[in-house]
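Chemist: Here is my input; please provide its structure:
(chains A, B, C and D)
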There are 2 protein chains.
Amino acid sequence: MARARISDVAAAAGVSVTTVSLVMNDVESRISEETRRRVRAAAQAVGYAPSSVARGLRTQQTRTVGLISDQIATTPFAGDMLAGAQDAARENGHLVFLIDTGGDSAIEADAIRALTAQQVDALIYACMWHQVVPAPTGLPAGAVFLDCRPENGGFRSVVPDDRAGGAAAVRELVAAGHRRIAYIDTDDNPIASTLRHEGYLEVLAEAGIPVDPALHVHGETTARGGRAAFERLLDLPEDQRPTAIFCFNDRMAVGVYIAAHRLGLDIPRDLSIVGYDDQQLIAAEQDPPLTTIALPHYDMGRWAMEVALGVRAEGDEDATHLMKCPVVRRDSVGPPPAQVAKPNRRRASLTERLL
Amino acid sequence: MARARISDVAAAAGVSVTTVSLVMNDVESRISEETRRRVRAAAQAVGYAPSSVARGLRTQQTRTVGLISDQIATTPFAGDMLAGAQDAARENGHLVFLIDTGGDSAIEADAIRALTAQQVDALIYACMWHQVVPAPTGLPAGAVFLDCRPENGGFRSVVPDDRAGGAAAVRELVAAGHRRIAYIDTDDNPIASTLRHEGYLEVLAEAGIPVDPALHVHGETTARGGRAAFERLLDLPEDQRPTAIFCFNDRMAVGVYIAAHRLGLDIPRDLSIVGYDDQQLIAAEQDPPLTTIALPHYDMGRWAMEVALGVRAEGDEDATHLMKCPVVRRDSVGPPPAQVAKPNRRRASLTERLL
DNA sequence: CCTGTTCGATAAATCGATTTATCACAAGGG
DNA sequence: CCCTTGTGATAAATCGATTTATCGAACAGG
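Modeler: Modelled structure (predicted):
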């Protein structure tokens, strides 16, 4: 049972293929209501679905979009970006070609060629972390950068507003009454870390809190890295230690949790923590659940697709859109401990645990 | 600058389009070497790339594959399956259409229609957890089920060998000398949990260890669920408690970790644990890193794609392939504690933590 | 000189749709 | 009776490739 063609429908309805096409596409034309009904019935009867390939050839519009990513697989974030992009594509009647280049630029070039050959209507170039990348050669005009910005401009892009996100994180802590707030930073992600640091400094200034360079430490973006950085903060004289920590990401925050628990510190009674990423299966499952800043992956994916398809009008051809990073309030932030009460509290918590 | 067509190349090379096509596709024919060179040079010069759409229409082969998934986004596993499928597709010169239905069967039906209209050469139907599903109507013959099996057969499928995986997990513990091994099970995933339980029973039998129903507890597939289940095991009289636990998944194992640490139990000295899934950012980052069974998502994705494309010959048109789940040895398994030494050890560990 | 073969290349049909230009027919007006 | 206008439908061109069937020239043999 081969696919039904438009000519089969025409034959079944006793009309020409032109008429069938006109009816199926609801084209403004002088086809009688009676004929329309007959055509539709015939189409239904033979199970006709127009060939997208033939249509694409004639109309030069394939209703497909290419999504090139450097690593769709290896991060749990990717999924949300994909989902946002894909939902938007589907809502607009488009299908998405997904290509994961694994960061290999030869594969990337191949991918661009293949997608161009497929005559995709739009192209999205996605990265897994907020970064500035050289635009690959051969990228068609109108491509949209997702979670990255083209080095020399020329394309629209969307990235998280890491500066505002960093500010929001620190503002949570300031609002809870903290004045000694550390930032556990990293060197692994220059763009995002710098922006988040700017947000951190901005809020401290806003609140009139003097900046203490000793409270700005660095580590790898892993639990181990977070833990090591935290332990460096503990080397400070007791009265200079932070009462709250803003971590570059949730994984590092987990390291702080582990170390803090080992030391018998209670979160948030003895120490408040804010993470970043709202990483699924991590942030919410900590004990206590971690207050963090969410990366708006789904929204960025959706934005990129809508702009790429021309559904969302964006005035500027060469602009970077900053996507808001919402605060996810959970239970890792509380008021700072009163200095005098601290030793008592700590002993109490140990006693508890002996039960 | 519009795309170059085959006729442009023909004009540039001073030959017919037939000749260009013959040369570009390396068709066995009597074209002189000299002409071939000229055509290739012309193609290069005008930047010619054949239109996949036009070719698809003529040849009826699009070199595209559809991948329908119930939720590509919301789980970190999805990525690996995608990556495996996508790599295999690329290696065979195919592009993949990804559609995430979100589990909505109306969207699913739409997706099948759209992919059929696109005349994809193959179709993969993926689920996020090993399950038995009704085959959606309209699914073309030759479709491959990925991480799920069709209720009434009729399609090839690939799923993890959960039975062997469960057996391997328990075997790790038996090999370390444990005889009181608990299985923290779940009701959230009937297929996988049953198979893993069968593996558990199989190894106990193999090792001549009597089955103690009290060591088989259930919980939700979350850290909280794992913790709750573990606490039920602790209600047992001390000499009946398990010295090792096999958890349905890593998230539940994390719950056991948390509870164990709270109680001052050291892993693996006081308690050995094996998880399942080898979930990234979870299993390896525990303290100590969790020994677990990996789900072969990448391999399953690759297998499904290769079978779908007919690259991998699979005799049976209607068979389920079981993919091996490898053991990932880390540091959460050790020998069981000697009964008499236990109390001492436990006190010691608490004392340590007072430092 | 005619015929048959080989070599190199091409004209034209084809895939399945869309779209433009055209057609037949009926009704109405002068 | 002829011409115009309006209505309903269609013939044919088109998109850009592949593929089949054919063609002309050169050359060899009788």
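Chemist: Just list the residues touching the spatially closest residue to residue A:139 that is not a sequence neighbour, thanks.
Modeler: Spatially, and ignoring its direct neighbours in sequence, residue A:139 is nearest to residue A:112 (6.1 Å; CB to CB, 6 or more residues apart in numbering or on different chains). Glycine gets a C-beta too; all of them are placed from N, C-alpha and C. Residues in contact with residue A:112, defined by CB atoms under 8 Å, 6 or more residues apart in numbering or on different chains, are A:68, A:123, A:136, A:138-139.
Chemist: what's the longest helix in chain A?
Modeler: With secondary structure taken from DSSP state H, chain A has its longest helix at helix A:190-206.
Chemist: send the alpha carbons of the next helix or strand after that helix over as CSV?
Modeler: Going down the chain from helix A:190-206, the next helix or strand is strand A:216-219, by DSSP states H and E. Only the C-alpha atoms of strand A:216-219 are listed here, as CSV (Å, rounded to 0.1, in the frame of the first residue of the first chain):
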residue,chain,number,x,y,z
HIS,A,216,35.8,35.9,47.1
VAL,A,217,37.3,32.4,46.5
HIS,A,218,37.5,30.2,43.4
GLY,A,219,37.2,26.5,42.7
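Chemist: Give me the contacts around strand A:216-219.
Modeler: For strand A:216-219, the external contacting residues (CB under 8 Å, 6+ apart) are A:182-187, A:197, A:225-226, A:228-229, A:232-233, A:252, A:255.
Chemist: Which of the contacts of residue A:112 sits closest to DNA strand C?
Modeler: Distance to DNA strand C, by CB to the nearest atom of the strand, is smallest for residue A:123 among the contacts of residue A:112, at 22.6 Å.
Chemist: Count the neighbours of residue A:299 for me.
Modeler: By other CB atoms under 10 Å in any protein chain shown, 19 other residues sit near residue A:299.
Chemist: Relative to chain B, how far out is it?
Modeler: 13 Å (CB to the nearest CB, to the nearest Å).
Chemist: Next, the contact list for the residue nearest to residue A:322 when sequence neighbours are not counted, please.
Modeler: The spatial neighbour of residue A:322 that comes closest, neighbours along the chain excluded (CB to CB, 6+ apart), is residue A:161 at 3.9 Å. Going by CB under 8 Å, 6+ apart, residue A:161 touches A:322-325.
Chemist: filter those residues to the buried ones?
Modeler: Neighbour-count burial within these applies to A:322-323, A:325; the criterion is 16 or more other CB atoms under 10 Å in any protein chain shown.
Chemist: show me the contacts for residue A:314.
Modeler: A:156, A:307, A:321.
Chemist: who does the helix or strand hosting residue A:252 touch, helix- and strand-wise?
Modeler: Assigned by DSSP H and E, residue A:252 falls within helix A:250-262. Applying 3 or more CB pairs under 8 Å, 6 or more residues apart in numbering or on different chains; DSSP states H and E, one finds that helix A:250-262 makes contact with strand A:181-186, helix A:223-234, strand A:244-247, strand A:272-274.
Chemist: Which one of the ones you listed lies nearest to DNA strand D?
Modeler: The nearest among the helices and strands packed on helix A:250-262, by CB to the nearest atom of the strand, is strand A:181-186 at 47.8 Å.
Chemist: what angle separates the closest one from helix A:190-206?
Modeler: With axes from the mean of the first three to the mean of the last three CA atoms, to 10 degrees applied, the angle from strand A:181-186 to helix A:190-206 works out at 170 degrees.
Chemist: who does strand A:181-186 pair up with?
Modeler: The strands that strand A:181-186 pairs with in its sheet are strand A:216-219 (parallel), strand A:244-247 (parallel) (by DSSP bridges).
Chemist: Save these as CSV, and put in distance to DNA strand C and mean neighbour count too.
Modeler: As requested, the strands paired with strand A:181-186 are exported to CSV (distance: least, CB to the nearest atom of the strand, whole Å; neighbours: other CB atoms under 10 Å in any protein chain shown):
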stretch, distance to DNA strand C, mean neighbour count
strand A:216-219, 58, 20
strand A:244-247, 54, 29
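Chemist: In the stretch 251-355 of chain A, mark out all the strands, start to finish.
Modeler: Taking DSSP state E, counting those that start in this stretch, the strands of the stretch 251-355 of chain A run over residues A:272-274, A:292-293, A:320-323, A:327-328.
Chemist: Check those strands for me and report the most buried one.
Modeler: strand A:292-293 (a mean of 30; mean count of other CB atoms under 10 Å in any protein chain shown).
Chemist: counting contacts, what elements does that strand pack onto?
Modeler: helix A:162-175, strand A:327-328.
Chemist: Quick check: closest non-adjacent residue to residue A:299.
Modeler: residue A:323 (5.6 Å).
Chemist: correct me, but that neighbour touches residue A:297?
Modeler: No - under the criterion of CB atoms under 8 Å, residue A:323 lies out of contact with residue A:297, with a separation of 9.0 Å.
Chemist: Give me the spatial nearest neighbour of the residue positioned nearest the centre of chain A, chain neighbours excluded.
Modeler: Against the mean C-alpha coordinate of chain A, by CA atoms, centre = their mean, the closest residue is residue A:297 at 1.9 Å. Closest residue to residue A:297 apart from its sequence neighbours, by CB to CB, 6+ apart: residue A:80 at 3.6 Å.
Chemist: again with residue A:77
Modeler: residue A:297 (5.3 Å).
Chemist: and if you look at residue A:321?
Modeler: The shortest distance from residue A:321 to any non-neighbouring residue, by CB to CB, 6+ apart, is to residue A:158 (4.3 Å).
Chemist: For that neighbour, give the beta-bridge partners.
Modeler: In this entry, residue A:158 is beta-bridged to residue A:146, residue A:321, by DSSP bridges.
Chemist: neighbours around it, how many?
Modeler: 26.
Chemist: Now do stretch A:134-148: distance to the chain's middle.
Modeler: Mean-position distance between stretch A:134-148 and its chain equals 17 Å (CA atoms, centre = their mean, to the nearest Å).
Chemist: Would you give the sheet partners of whichever strand in chain A runs longest, along with the direction of each?
Modeler: Taking DSSP state E as the criterion, chain A has its longest strand at strand A:122-133. Strands that pair with strand A:122-133, judged by DSSP bridges, come out as strand A:64-69 (parallel), strand A:144-150 (parallel).
Chemist: Out of those, which one sits most buried?
Modeler: strand A:64-69 (a mean of 26).
Chemist: C-terminal to that strand, which secondary structure element comes first?
Modeler: Taking DSSP H and E, what comes next after strand A:64-69 is helix A:78-91.
Chemist: Okay, buried residues for that next one please.
Modeler: A:78-90.
Chemist: ok, now stretch A:57-64?
Modeler: Across stretch A:57-64, burial judged by 16+ other CB under 10 Å covers A:57, A:62-64.
Chemist: and what of stretch A:196-206?
Modeler: Of all the residues in stretch A:196-206, those buried under the rule 16+ other CB under 10 Å are A:196-197, A:199-204.
Chemist: Ok, stretch A:45-58 next?
Modeler: For stretch A:45-58, by 16+ other CB under 10 Å, it's A:48, A:50-57.
Chemist: pLDDT for those residues - can I get that in CSV?
Modeler: Listed next are those as CSV, based on pLDDT from 0 to 100:
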residue, pLDDT
A:48, 96
A:50, 97
A:51, 97
A:52, 97
A:53, 98
A:54, 98
A:55, 97
A:56, 97
A:57, 97
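Chemist: Keep only those that also lie close to DNA strand D.
Modeler: For DNA strand D, the contacts drawn from these by CB under 7 Å from any atom of the strand are A:54, A:57.
Chemist: if we can go back for a sec, separate out the buried members of the contacts of residue A:112.
Modeler: A:68, A:123, A:136, A:139.
Chemist: what would the residues you listed look like in JSON lines with distance to residue A:97 and pLDDT?
Modeler: Formatted as JSON lines, the buried ones among the contacts of residue A:112 follow (distance: CB to CB, whole Å; pLDDT from 0 to 100):
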{"residue": "A:68", "distance to residue A:97": "9", "pLDDT": "96"}
{"residue": "A:123", "distance to residue A:97": "9", "pLDDT": "97"}
{"residue": "A:136", "distance to residue A:97": "16", "pLDDT": "95"}
{"residue": "A:139", "distance to residue A:97": "15", "pLDDT": "95"}
